[in-house]
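# sequence-free structure coming up:
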């Protein structure tokens, strides 16, 4: 059974790229449009990994990660965040919130697949 | 009980405090008091520059440490007679809050007495009739040693009147 | 449109983002403190940049980055949201649209101009931070050299952060990755595992020692890349044990020299375009280390104000010194006093120059406004700016921004006609709005001129009468009638459109200008257009004044307003009594006897003097008792309690410590004009 990945991003084009890249690599992908949507979907389904943007309306990625880590059912699930800049502060905050790793935009779809493989293992 | 009955809308001095430190001074033989915390400095008389067109009780300015501040004679606001300067005359510089901004103003006095404590229990609102002066310019009267000390309502007296006097237009 | 093409999706998304950003910005223009809109604009810019960079719009990403950074700083409270900044970003947005539409076009020059404005709006720090987002080093396979890499042997001891598993890191995955790099032996270190009752199931207490033999070309980087996400929080000791016995090639890279913390290689996939784009903007981050000698120094505005205060005090002390020296017989004292006088004068002038900025920064923001207004009103508008290099005190620039926006809106909204109407009346289709600035004497004059229909005086009168500002049929000078527009009570409700209804009212324009000790002149010719001039004193804190005596009081008249000084002979004085006009080179000039005006109650000096002052075209004589002379005047504001006194614009402290009041020239001229009108009306 292929792993199931949740992608959370307010940018439709980024969601699309993520979906194309990951489905192409054999993963199953569900999309969410902001932190609130992402949190609801994460809690309502079973995902092997979450890829999320940080800057989003309604609930930002940081708050979503914190909320997920606060729930025992979601400790241990790998969460990769997308960050546009080498913003050390943002990165540190996301790591402190419990993120597993990050991808710096712009990223190559291949990079995303590679990271996904790295995080999920074989 | 008393406290609440006596409270009236211009009760600026007490603000639920039992005792308040004040500076007392003399104007035309009457004893006045203003809250000590607003007093910045007590000065000997300084050369005053007349401001033509200003309200009579705010008719001049002085140089207070490099700032130009108004010199007020609150007697004139009350409708009392202006007095001659004497050897005891002093200026009390106070800082008021005018429209949310601190504002320095000098108050001319005939004599400055002392910093003392007034008790809220001896305070009375100004009687609405039988007063020689405008009651709304008085915050309260405080009885002490058989005499009444007048606590002026500085906020009211100095409330900024936005309409220009337009002296030159009517003149 | 191919909706399976992310680039097309991005273009659609960008169009939506532009709407969000623009709405946010326009709302901010109305309320600069609107945090929700600041956040919205920031998010919009952020998404635009991030997605843009994903789909090959590198130039867009690089450019948007600067706007985003600016708003990030606003969002974090590091810089205030200013109208200038909002306008700069609004203007920048058009450029971003162009970068989406034609990503390969030549936009560099425009972009640089806009960035300069943006930087001016937030301070140069806006350009801080590098736009090049380094791609993930983990993905770097390295540009493998053709030569067969040598095998190296490494010993690695590491302990992951205790919460690594809870945060989604799988230690076994990491060990697998290490195994992928070459042959390895793995030993677990379980010494740190706590007793069973103290253990948290998600916590990680195991450390590992790994011996790895690898032929990776850059083995240290490859090993570290495995731990990229946990590197900062973990313990790790990585050492090369010895070169593998086999083909120990001397020319092999010497990884041991590679520092562990920096120099992560950039991937080939890294877009090279943004790197170039960065060079076009000042690379501030680098500049910190290597500042060119001629670099500007940025000083907080308050420091300048403090310095200004000190200079003011110095000038006062100097004038006291001059006075003492003047009555002293000590030649050396006089000489020192003259030196101090010269120096403090020069210091004052230098200080003034420090505070001056070109008015162009103010004008720049109007292009967008005009652009928007043209779109919304359907009018064709040409904006002409003149005299952008005219320098004005920084405070003036800051304070005039909003009033000017309002005046330009007003001109376009109420002044300019629709293209067809213009053609019908023999004008060019496009209306012209001219913004100009120039210095004249001690003033800077900023003019907003349009070639529209002009102010309808009958309508102004009708409105003023309806709103009770004037009596029906009241006699008014033309200037007075026009100035009614600036009165607070002058209802503009009937004229409010979606555009001019936003922002400040005309009365606020008037208040702002007056607070700057300035004047508003208005001219309007029906059918030909209107012109509104804001005349602002060049400097705000120190002026050259003429010290005069009226009765026993000293007064200062701003020298910039003084045209000439005359003696009023006893005969002239007598002749003019009751008439208050003097004939000056065939012109009748009204005059005011300040002694009477100020009710000094003193008899006039024998030889009365007259100081003729002017504001623009209007002149009035002021009769004084004595002209004392020039006086460098440090302006002190009048107390708030004296704001009802309109005759004086401020006060100053004389050398002897006494206070002299500064005459409000504009006001006195107005009084003179009124007097003239009354006398003429009386015949």
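Perfect, I can see it now. Given the structure is predicted, the values throughout are model-derived calculations rather than measurements.

# Which single residue in the stretch 201-350 of chain C comes nearest to chain A?
Closest to chain A within the stretch 201-350 of chain C is residue C:229: 3.5 Å, counting by Cβ to the nearest Cβ. C-betas here are computed from N, CA, C, even on glycine.

# In space, what's closest to that residue - neighbours in sequence excluded?
Distances taken as Cβ to Cβ, 6 or more residues apart in numbering or on different chains put residue A:101 closest to residue C:229, at 3.5 Å, once the chain neighbours are dropped.

# Which helix or strand contains the closest residue to residue C:61 other than its chain neighbours?
Excluding the flanking residues, the one nearest residue C:61 by Cβ to Cβ, 6+ apart is residue C:53, at 3.7 Å. Per DSSP states H and E, residue C:53 falls inside helix C:35-54.

# where exactly do the strands run in chain B?
Here chain B has its strands, by DSSP state E, at B:19-27, B:30-35, B:39-44, B:49-50, B:60-64, B:67-72, B:90-98, B:101-109, B:111-119, B:123-124, B:138-144, B:147-152.

# Neighbouring strands of the fifth one in the sheet, and parallel or not?
What that stands for is strand B:60-64. strand B:49-50 (antiparallel), strand B:67-72 (antiparallel) (DSSP bridges).

# Among the ones you listed, pick out the one with the most neighbours on average.
Each of these was assessed for mean neighbour count using mean count of other Cβ atoms under 10 Å in any protein chain shown. The highest is strand B:67-72, with a mean of 24.

# Off-centre distance for that one?
Relative to the chain's own centre, strand B:67-72 is displaced by 14 Å; criterion: Cα atoms, centre = their mean, to the nearest Å.

# If you count contacts, what does the helix holding residue C:53 end up packed against?
In terms of contacts (3 or more Cβ pairs under 8 Å, 6 or more residues apart in numbering or on different chains; DSSP states H and E), helix C:35-54 is packed against helix A:12-24, helix C:6-30, helix C:58-75, helix C:83-101.

# hey, which of these is tucked in deepest?
Neighbour counts (mean count of other Cβ under 10 Å) averaged over each of those peak at helix C:58-75, with a mean of 27.

# Next, the angle helix C:6-30 makes with that one.
30 degrees (axes from the mean of the first three to the mean of the last three Cα atoms, to 10 degrees).

# before we move on, back to that, could you verify my assumption that the residue nearest to residue C:229 touches residue A:80?
Yes. Proximity of residue A:101 to residue A:80 meets the contact threshold set by Cβ atoms under 8 Å, at 5.2 Å.

# Between those two, which contacts overlap?
A:115, A:119 (Cβ atoms under 8 Å, 6 or more residues apart in numbering or on different chains).

# Near the residue nearest to residue C:61, how many other residues are there?
As a burial measure, residue C:53 scores 26 neighbours (other Cβ atoms under 10 Å in any protein chain shown).

# is it true that it touches residue A:106?
Yes. The pair residue C:53 / residue A:106 is scored as a contact, 3.8 Å apart, by Cβ under 8 Å.

# Backbone dihedrals for the spatially most central residue of chain A, please?
With distances taken as Cα atoms, centre = their mean, the residue of chain A nearest its centroid is residue A:51 (1.3 Å). Main-chain torsions, residue A:51, degrees, to the nearest 10: phi -110, psi 120.

# List the buried residues for the helix or strand of chain A with the lowest mean pLDDT?
Within chain A, no helix or strand scores below helix A:88-97, which has a mean of 82 by mean pLDDT, DSSP states H and E. In terms of neighbour count (16 or more other Cβ atoms under 10 Å in any protein chain shown), helix A:88-97 has its buried residues at A:90, A:91, A:93, A:94, A:95, A:97.

# Would you check how far apart residue A:36 and residue C:41 are?
21 Å (Cβ to Cβ, to the nearest Å).

# Please identify which of the two sits among more neighbours.
residue C:41 (29 against 17).

# I'd assumed residue C:22 was in contact with the more buried one.
No. Using Cβ under 8 Å, residue C:41 is not in contact with residue C:22; the gap is 9.0 Å.

# Which residues of the stretch 1-150 of chain C lie near chain B?
Within the stretch 1-150 of chain C, no position is near chain B by Cβ under 8 Å from any Cβ of the partner chain.

# now the end-to-end length of stretch C:415-428.
14 Å (Cα to Cα, to the nearest Å).

# Likewise for stretch A:76-89?
Note: stretch A:76-89 ends 23 Å apart using Cα to Cα.

# buried ones in that stretch?
Going by 16+ other Cβ under 10 Å, stretch A:76-89 has these buried residues: A:76, A:77, A:78, A:79, A:80, A:81, A:82, A:83, A:84, A:85, A:87.

# mind checking how far that stretch is from the chain centre?
Distance of stretch A:76-89 from its chain centroid, counting by Cα atoms, centre = their mean, is 8 Å.

# Also stretch A:40-58?
With Cα atoms, centre = their mean, you get 6 Å for stretch A:40-58.

# can you check stretch C:663-679 too?
37 Å.

# Is there proximity between it and chain B?
Yes. Contact of stretch C:663-679 with chain B (Cβ under 8 Å from any Cβ) involves C:667, C:668, C:671, C:674.
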